[in-house]
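>>> Need the 3D shape of this:
(2 chains)
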Amino acid sequence: GAVVSQHPSRVICKSGTSVKIECRSLDFQATTMFWYRQFPKKSLMLMATSNEGSKATYEQGVEKDKFLINHASLTLSTLTVTSAHPEDSSFYICSARDQGAHNSPLHFGNGTRLTVT
Amino acid sequence: AQSVTQPDIHITVSEGASLELRCNYSYGATPYLFWYVQSPGQGLQLLLKYFSGDTLVQGIKGFEAEFKRSQSSFHLRKPSVHWSDAAEYFCALNTGNQFYFGTGTSLTVIP
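You can find the predicted model right below:
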(Lines give C-alpha, C1' and ligand atoms only; values in the text may rest on other atoms or scores of the structure.)
Protein backbone atom coordinates (compact mmCIF):
# COMPACT_ATOMS: atom_id res chain seq x y z
CA GLY A 1 0.00 0.00 0.00
CA ALA A 2 0.90 3.64 -0.31
CA VAL A 3 3.33 4.78 2.35
CA VAL A 4 4.17 8.27 3.50
CA SER A 5 7.32 8.67 5.53
CA GLN A 6 7.70 11.66 7.82
CA HIS A 7 10.92 12.60 9.53
CA PRO A 8 11.83 13.32 12.25
CA SER A 9 9.20 11.79 14.48
CA ARG A 10 10.22 13.93 17.40
CA VAL A 11 12.32 17.06 17.70
CA ILE A 12 13.21 19.42 20.50
CA CYS A 13 14.68 22.79 19.62
CA LYS A 14 15.49 26.05 21.31
CA SER A 15 13.43 29.14 20.81
CA GLY A 16 14.62 31.15 17.82
CA THR A 17 16.01 28.24 15.86
CA SER A 18 14.51 26.66 12.74
CA VAL A 19 13.33 23.12 12.27
CA LYS A 20 12.80 21.23 9.04
CA ILE A 21 10.32 18.38 8.72
CA GLU A 22 10.40 16.08 5.71
CA CYS A 23 7.51 14.24 4.13
CA ARG A 24 8.15 11.59 1.50
CA SER A 25 5.84 9.44 -0.54
CA LEU A 26 7.74 6.19 -0.76
CA ASP A 27 5.98 4.23 -3.47
CA PHE A 28 3.86 6.75 -5.32
CA GLN A 29 4.06 10.22 -6.76
CA ALA A 30 2.25 13.13 -5.24
CA THR A 31 1.91 16.49 -6.96
CA THR A 32 0.08 17.67 -3.89
CA MET A 33 0.85 17.14 -0.25
CA PHE A 34 -0.92 18.52 2.76
CA TRP A 35 0.44 19.77 6.05
CA TYR A 36 -1.67 19.61 9.16
CA ARG A 37 -1.24 20.73 12.71
CA GLN A 38 -2.92 18.93 15.54
CA PHE A 39 -3.36 20.28 19.04
CA PRO A 40 -3.97 17.93 21.98
CA LYS A 41 -7.43 16.42 21.92
CA LYS A 42 -8.19 18.36 18.77
CA SER A 43 -8.86 17.56 15.17
CA LEU A 44 -6.54 18.22 12.29
CA MET A 45 -6.04 21.79 11.20
CA LEU A 46 -4.99 22.14 7.59
CA MET A 47 -2.09 24.56 7.43
CA ALA A 48 -1.17 24.49 3.78
CA THR A 49 -1.29 22.59 0.55
CA SER A 50 2.09 21.89 -0.95
CA ASN A 51 2.25 21.89 -4.73
CA GLU A 52 5.12 20.33 -6.62
CA GLY A 53 7.07 22.92 -8.55
CA SER A 54 5.01 25.88 -7.41
CA LYS A 55 4.13 27.91 -4.36
CA ALA A 56 2.24 26.39 -1.51
CA THR A 57 -1.29 27.46 -0.75
CA TYR A 58 -1.70 28.54 2.85
CA GLU A 59 -4.87 28.48 4.88
CA GLN A 60 -6.17 31.66 6.39
CA GLY A 61 -4.29 32.61 9.52
CA VAL A 62 -1.19 30.56 8.76
CA GLU A 63 1.94 32.66 8.40
CA LYS A 64 3.70 31.71 5.19
CA ASP A 65 6.95 33.30 6.33
CA LYS A 66 6.85 31.32 9.53
CA PHE A 67 6.01 27.97 8.00
CA LEU A 68 8.05 27.61 4.84
CA ILE A 69 7.00 24.85 2.50
CA ASN A 70 9.02 23.46 -0.35
CA HIS A 71 7.85 20.74 -2.72
CA ALA A 72 10.83 20.21 -4.97
CA SER A 73 9.97 16.79 -6.32
CA LEU A 74 7.02 14.48 -6.78
CA THR A 75 7.95 12.53 -3.68
CA LEU A 76 9.22 15.12 -1.22
CA SER A 77 7.76 18.08 0.59
CA THR A 78 9.38 19.90 3.48
CA LEU A 79 7.98 22.14 6.16
CA THR A 80 10.40 24.49 7.90
CA VAL A 81 9.31 26.17 11.08
CA THR A 82 11.40 29.32 11.18
CA SER A 83 12.39 31.16 14.34
CA ALA A 84 10.42 28.71 16.40
CA HIS A 85 8.70 29.79 19.58
CA PRO A 86 7.15 27.73 22.36
CA GLU A 87 3.68 28.35 20.94
CA ASP A 88 4.78 26.50 17.80
CA SER A 89 5.08 23.34 19.86
CA SER A 90 2.61 20.90 18.39
CA PHE A 91 2.10 17.72 16.42
CA TYR A 92 2.59 18.21 12.70
CA ILE A 93 1.32 15.66 10.21
CA CYS A 94 1.78 15.49 6.47
CA SER A 95 -0.33 13.61 3.99
CA ALA A 96 -0.39 12.89 0.28
CA ARG A 97 -2.58 11.42 -2.40
CA ASP A 98 -1.45 8.98 -5.02
CA GLN A 99 -1.95 10.97 -8.19
CA GLY A 100 -1.93 7.78 -10.22
CA ALA A 101 -4.84 6.22 -8.36
CA HIS A 102 -8.42 7.22 -9.03
CA ASN A 103 -10.14 8.64 -5.96
CA SER A 104 -7.12 7.97 -3.83
CA PRO A 105 -7.54 8.58 -0.10
CA LEU A 106 -5.09 10.65 1.84
CA HIS A 107 -2.12 8.71 3.14
CA PHE A 108 -0.60 10.10 6.29
CA GLY A 109 2.85 10.21 7.75
CA ASN A 110 3.34 9.28 11.39
CA GLY A 111 3.65 12.87 12.46
CA THR A 112 6.34 14.99 14.05
CA ARG A 113 6.16 16.07 17.67
CA LEU A 114 7.82 19.47 17.89
CA THR A 115 8.77 20.88 21.27
CA VAL A 116 10.25 24.36 21.43
CA THR A 117 11.97 25.22 24.68
CA ALA B 1 -20.89 24.45 2.61
CA GLN B 2 -19.14 21.16 3.02
CA SER B 3 -18.62 19.83 6.49
CA VAL B 4 -18.28 16.70 8.57
CA THR B 5 -19.82 16.26 11.99
CA GLN B 6 -18.90 13.67 14.55
CA PRO B 7 -21.37 14.31 17.34
CA ASP B 8 -19.70 12.10 19.93
CA ILE B 9 -16.50 13.54 21.36
CA HIS B 10 -15.82 10.54 23.54
CA ILE B 11 -17.26 7.05 23.76
CA THR B 12 -16.55 4.30 26.27
CA VAL B 13 -17.41 0.69 25.57
CA SER B 14 -16.64 -2.60 27.23
CA GLU B 15 -14.37 -5.03 25.50
CA GLY B 16 -16.43 -7.43 23.42
CA ALA B 17 -19.33 -5.02 23.09
CA SER B 18 -20.50 -3.62 19.79
CA LEU B 19 -19.51 -0.16 18.65
CA GLU B 20 -20.99 2.56 16.50
CA LEU B 21 -19.25 5.85 15.83
CA ARG B 22 -21.42 8.42 14.15
CA CYS B 23 -20.53 10.62 11.22
CA ASN B 24 -22.75 13.02 9.31
CA TYR B 25 -21.70 15.09 6.36
CA SER B 26 -22.93 18.06 4.40
CA TYR B 27 -22.28 18.05 0.66
CA GLY B 28 -24.46 18.56 -2.36
CA ALA B 29 -22.89 16.03 -4.69
CA THR B 30 -21.76 12.44 -4.41
CA PRO B 31 -19.47 12.22 -1.41
CA TYR B 32 -16.29 10.28 -1.09
CA LEU B 33 -16.09 9.27 2.54
CA PHE B 34 -13.37 7.82 4.71
CA TRP B 35 -12.75 6.67 8.24
CA TYR B 36 -9.31 6.99 9.77
CA VAL B 37 -7.92 5.82 13.09
CA GLN B 38 -5.17 7.52 15.05
CA SER B 39 -3.26 5.94 17.89
CA PRO B 40 -1.56 8.27 20.38
CA GLY B 41 1.47 10.01 18.92
CA GLN B 42 0.89 8.50 15.50
CA GLY B 43 -0.40 9.56 12.13
CA LEU B 44 -3.74 8.53 10.71
CA GLN B 45 -4.39 5.10 9.28
CA LEU B 46 -7.12 4.48 6.73
CA LEU B 47 -9.80 2.09 7.98
CA LEU B 48 -12.14 2.14 5.02
CA LYS B 49 -13.53 4.27 2.23
CA TYR B 50 -16.71 4.74 0.24
CA PHE B 51 -16.86 5.98 -3.31
CA SER B 52 -19.87 4.35 -4.91
CA GLY B 53 -21.64 1.03 -5.23
CA ASP B 54 -22.41 -1.10 -2.24
CA THR B 55 -23.35 1.18 0.62
CA LEU B 56 -21.97 -1.18 3.23
CA VAL B 57 -18.20 -1.12 3.07
CA GLN B 58 -15.79 -3.37 4.86
CA GLY B 59 -12.52 -2.17 6.23
CA ILE B 60 -9.52 -3.38 8.10
CA LYS B 61 -9.52 -4.62 11.70
CA GLY B 62 -13.10 -5.84 11.45
CA PHE B 63 -14.66 -2.42 10.93
CA GLU B 64 -17.47 -1.61 8.56
CA ALA B 65 -19.40 1.51 7.67
CA GLU B 66 -22.72 2.11 6.01
CA PHE B 67 -23.41 5.02 3.70
CA LYS B 68 -26.94 6.37 3.93
CA ARG B 69 -27.55 9.16 1.48
CA SER B 70 -31.01 9.97 2.86
CA GLN B 71 -29.50 10.60 6.28
CA SER B 72 -26.20 12.07 5.07
CA SER B 73 -24.48 9.60 7.33
CA PHE B 74 -21.54 7.27 7.26
CA HIS B 75 -21.46 5.57 10.64
CA LEU B 76 -18.64 3.25 11.59
CA ARG B 77 -19.40 -0.04 13.29
CA LYS B 78 -17.67 -3.01 14.80
CA PRO B 79 -19.53 -5.99 16.26
CA SER B 80 -17.01 -6.78 19.00
CA VAL B 81 -14.51 -4.25 20.25
CA HIS B 82 -10.99 -5.22 21.28
CA TRP B 83 -8.87 -3.35 23.81
CA SER B 84 -6.47 -2.45 20.99
CA ASP B 85 -9.23 -0.46 19.27
CA ALA B 86 -8.86 2.33 21.81
CA ALA B 87 -7.84 5.34 19.72
CA GLU B 88 -9.09 8.49 18.07
CA TYR B 89 -11.34 8.05 15.05
CA PHE B 90 -11.83 10.59 12.29
CA CYS B 91 -14.42 10.70 9.57
CA ALA B 92 -13.44 12.55 6.40
CA LEU B 93 -15.15 13.84 3.28
CA ASN B 94 -13.44 14.36 -0.05
CA THR B 95 -15.01 16.73 -2.54
CA GLY B 96 -12.32 16.58 -5.18
CA ASN B 97 -9.15 18.28 -4.07
CA GLN B 98 -10.40 19.21 -0.63
CA PHE B 99 -10.63 16.97 2.40
CA TYR B 100 -12.82 17.84 5.36
CA PHE B 101 -12.33 16.14 8.70
CA GLY B 102 -14.64 15.73 11.62
CA THR B 103 -13.46 16.70 15.07
CA GLY B 104 -12.83 13.11 15.99
CA THR B 105 -14.27 10.62 18.47
CA SER B 106 -12.07 9.28 21.22
CA LEU B 107 -12.76 5.64 22.01
CA THR B 108 -11.99 4.14 25.39
CA VAL B 109 -12.29 0.39 25.86
CA ILE B 110 -12.77 -0.96 29.37
CA PRO B 111 -12.03 -4.55 30.34
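>>> okay, CA-based contacts and neighbour counts for the rest of this
Will do.
>>> In terms of secondary structure, what does the strand or helix carrying residue A:45 contact?
For residue A:45, the element it lies in under DSSP states H and E is strand A:44-51. Under the contact criterion of 3 or more Cα pairs under 8 Å, 6 or more residues apart in numbering or on different chains; DSSP states H and E, strand A:44-51 touches strand A:32-38, strand A:57-58, strand A:67-73.
>>> Give me whichever of those is most buried.
Of all those, strand A:32-38 carries the top mean neighbour count, a mean of 22, counting by mean count of other Cα atoms under 10 Å in any protein chain shown.
>>> could I get the helices and strands packed on strand A:44-51 as a markdown table with distance to chain B and mean pLDDT?
As requested, those are exported to a markdown table (distance: least, Cα to the nearest Cα, whole Å; pLDDT from 0 to 100):
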| stretch | distance to chain B | mean pLDDT |
| --- | --- | --- |
| strand A:32-38 | 9 | 94 |
| strand A:57-58 | 12 | 95 |
| strand A:67-73 | 17 | 93 |
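>>> how about those in a markdown table, adding distance to residue A:92?
Conversion of those to a markdown table gives the following (distance: least, Cα to Cα, whole Å):
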| stretch | distance to residue A:92 |
| --- | --- |
| strand A:32-38 | 5 |
| strand A:57-58 | 15 |
| strand A:67-73 | 11 |
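>>> re the thing from before, sheet partners, orientation included, of the strand holding residue A:45?
When sheet partners are counted by DSSP bridges, strand A:44-51 sits next to strand A:32-38 (antiparallel), strand A:57-58 (antiparallel).
>>> Spatially nearest residue to residue 36, not counting backbone neighbours?
All of this is about chain A. In this structure, residue A:36 finds its nearest non-sequential neighbour in residue A:46, 4.5 Å apart by Cα to Cα, 6 or more residues apart in numbering or on different chains.
>>> wait, chain B
Once flanking residues are discounted, residue B:36 sits nearest to residue B:46: 4.5 Å by Cα to Cα, 6+ apart.
>>> Summarise which helices and strands the helix or strand where the one you found lies is packed against.
For residue B:46, the element it lies in under DSSP H and E is strand B:44-50. Identification of packing neighbours for strand B:44-50 by 3+ Cα pairs under 8 Å, 6+ apart yields strand A:106-108, strand B:32-38, strand B:56-58, strand B:64-68.
>>> now what about the second one, what contacts it?
Taking Cα atoms under 8 Å, 6 or more residues apart in numbering or on different chains as the criterion, the residues outside strand B:32-38 that touch it are A:105, B:44-52, B:74, B:76, B:87-95.
>>> now the angle from it to strand B:44-50?
Using axes from the mean of the first three to the mean of the last three Cα atoms, to 10 degrees, the inter-axis angle of strand B:32-38 relative to strand B:44-50 is 150 degrees.
>>> Please consider this matter closed, and thank you.
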